[in-house]
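Asks: Would you be able to build a 3D model of this:
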Amino acid sequence: MFKSTGHADLPLHTGTVPKWLADRMMQTGTLIVESIIENFGKKEVLVRLSDPLWFQSLGAVMGMDWHSSGITTSVMYALKRGINARAKEFGLCICGGRGKYSRRTPDELQFLADATGLDGTKLINSSKLVAKVDSTAVQDGFQLYMHNFILSSEGDWTVVQQGMNTETKTARRYHWSSENLRSFINEPHTGVTGENRGLILNLTANNAETTRQRILDFSKENPDKALKEIQSVVKHDDNKIIVTGRNITMPAHHEVRAEDVNLKRLGAVLATAYESEPKDFESLLLTPGLGPRTIQALTLVSEVIYGTPSRFTDPARFSFAHGGKDGHPFPVPLKVYDNSIQILRESIERSKMGYKDKSLAIKRLHTTALEIEKYCDPIADFDKTVEHDREHSTEWEGRTV
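Replies: Numbers count the residues shown, from 1 in each chain. Below is the predicted model:
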């Protein structure tokens with residue numbers, strides 16, 4: 001369970017994701033979700049999506065800009081396309097979306113409730129309360145424009161929603177989960193990501209109980225008196241709570257820099273890719289066209305599937321799997337990306353038939369990287385790693401927007 005809060009700088013990016021990337025994101029995201037379900041169950045998918053650091057890392061490994069607000073809408077759109085097409089099989093469905101699609105969430109939830117026997121009224125109220133809390137009870141200068149409600153067949157859910165501040169051109173992403181949720185108004189968030197604007201009014205904080213009660217009392221008094229009292233409360237610093245906890249501070253600069261990456265972890269990934277012996281990864285290495293570069297990408301994909309929360313504190317590192325559509329740290333290598341999709345899909349299909357060789361091999365990529373980190377000192381040469389991919393970009397069909 002990821003029960004934490006945090007913040008991050010998410011520069012507001014505009015534009016659309018091209019079809020050549022959107023389709024690959026849908027395939028990769030769906031396969032990662034399927035693998036998590038196969039290994040840990042559908043509830044784990046909801047728990048992962050409720051963690052802002054894991055979510056940012058997922059977007060980076062899928063080829064999105066590693067630090068921008070665009071990760072939120074693009075990843076959720078990709079997952080909605082892929083997961084909803086297999087909703088009965090996965091036992092998961094994604095409602096809502098951006099703009100007008102967010103307003104369709106109640107209707108979509110009612111449709112699912114009618115089809116499954118879940119309590120539609122309760123789900124719809126949960127969706128509305130989540131949106132209301134982040135737009136009203138947490139007054140941080142961000143206007144909500146995206147709301148996704150991810151629901152399981154058992155009635156568990158996670159919400160990923162995002163607000164925009166047009167003046168500062170920044171966004172804040174909010175994560176919610178029904179897992180262990182005891183109250184919508186008392187420390188409910190599993191994570192908040194966005195630019196740290198300093199002091200904000202957060203009436204959901206645990207130590208804001210007195211303030212909430214006073215506001216409730218004010219509502220029963222004369223409006224003129226209540227207005228004066230509320231103004232004095234809001235102006236008092238003690239009632240403005242700084243959101244802290246599981247932090248993810250995303251810098252404003254567009255390019256990936258060495259300081260954005262845990263170089264030891266990246267070094268372990270590179271060592272795993274370029275020094276793997278056939279006896280360790282025989283089932284993978286027999287795949288036609290597979291080389292060290294695809295192993296590098298699969299090692300990072302493996303970490304997204306099997307890694308623990310502490311592994312996602314440097315989301316920029318995951319952009320070394322399939323690059324970024326903006327060309328940072330390097331163009332998206334389509335040949336490598338397609339190989340990753342092919343191998344991941346084949347490993348899942350073989351696992352369903354009882355042949356777990358490739359699935360276990362992909363898992364061993366992550367465990368091998370962990371062993372290298374533990375017993376070696378594999379510090380990556382950041383500049384040479386980026387240079388290597390850019391030199392081979394044409395060969396690997398590198399592409400940018």
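Asks: Now the phi/psi pair for the nearest residue to residue 63 once chain neighbours are set aside, please.
Replies: In this structure, residue 63 finds its nearest non-sequential neighbour in residue 322, 4.4 Å apart by Cβ to Cβ, 6 or more residues apart in numbering. The way it works is simple: take the backbone N, C-alpha and C, and place the C-beta from them, glycine included. In terms of degrees, to the nearest 10, the main-chain angles of residue 322 are phi -130, psi 20.
Asks: give the contact list for residue 322.
Replies: Residue 322 sits next to 28, 61-63, 297, 332-333, 336-337, 340 when contact means Cβ atoms under 8 Å, 6 or more residues apart in numbering.
Asks: what separates it from residue 52, distance-wise?
Replies: Residue 322 sits 21 Å away from residue 52, going by Cβ to Cβ, to the nearest Å.
Asks: With residue 143 instead?
Replies: Taken as Cβ to Cβ, the span from residue 143 to residue 52 is 19 Å.
Asks: out of those two, which sits in the more crowded spot?
Replies: residue 52 (32 against 9; other Cβ atoms under 10 Å).
Asks: Tell me where the model's unsure across the protein.
Replies: Where the chain drops to pLDDT under 70, the residues are 1-9, 136-141, 180-251, 275-289.
Asks: Give me the longest helix you can find in this structure.
Replies: helix 19-40 (DSSP state H).
Asks: Just checking, which helix or strand succeeds that helix along the chain?
Replies: With elements assigned by DSSP states H and E, the helix or strand that comes after helix 19-40 is helix 42-49.
Asks: Just the angle for that following helix relative to helix 19-40, thanks.
Replies: Following axes from the mean of the first three to the mean of the last three Cα atoms, to 10 degrees, one obtains 130 degrees for the angle between helix 42-49 and helix 19-40.
Asks: Helix 42-49: which residues count as buried?
Replies: 42-43, 45-49 (16 or more other Cβ atoms under 10 Å).
Asks: Burial check on residue 65, number of neighbours?
Replies: The number of residues packed near residue 65 is 24, by other Cβ under 10 Å.
Asks: what's the closest non-adjacent residue to it?
Replies: Counting by Cβ to Cβ, 6+ apart, the residue nearest residue 65 is residue 326, at 5.1 Å.
Asks: Tell me if the one you found really is in a helix.
Replies: No: read with DSSP: H, G, I helix; E, B strand; the rest coil, residue 326 is coil and lies in no helix.
Asks: you'd agree it is up against residue 400?
Replies: Yes: with contacts counted by Cβ atoms under 8 Å, residue 326 reaches residue 400, the gap being 6.4 Å.
Asks: Compare these two (neighbour count), which wins?
Replies: Just comparing residue 326 and residue 400: by other Cβ under 10 Å the higher neighbour count belongs to residue 326, 22 against 15.
Asks: how close does the more buried one get to residue 316?
Replies: For residue 326 relative to residue 316 (Cβ to Cβ), the value is 13 Å.
Asks: what's the answer for residue 334, then?
Replies: From residue 334 to residue 316 the distance is 21 Å (Cβ to Cβ).
Asks: just residue 370 next, same as before
Replies: In terms of Cβ to Cβ, residue 370 sits 19 Å off from residue 316.
Asks: ditto for residue 28
Replies: On the measure of Cβ to Cβ, residue 28 and residue 316 end up 18 Å apart.
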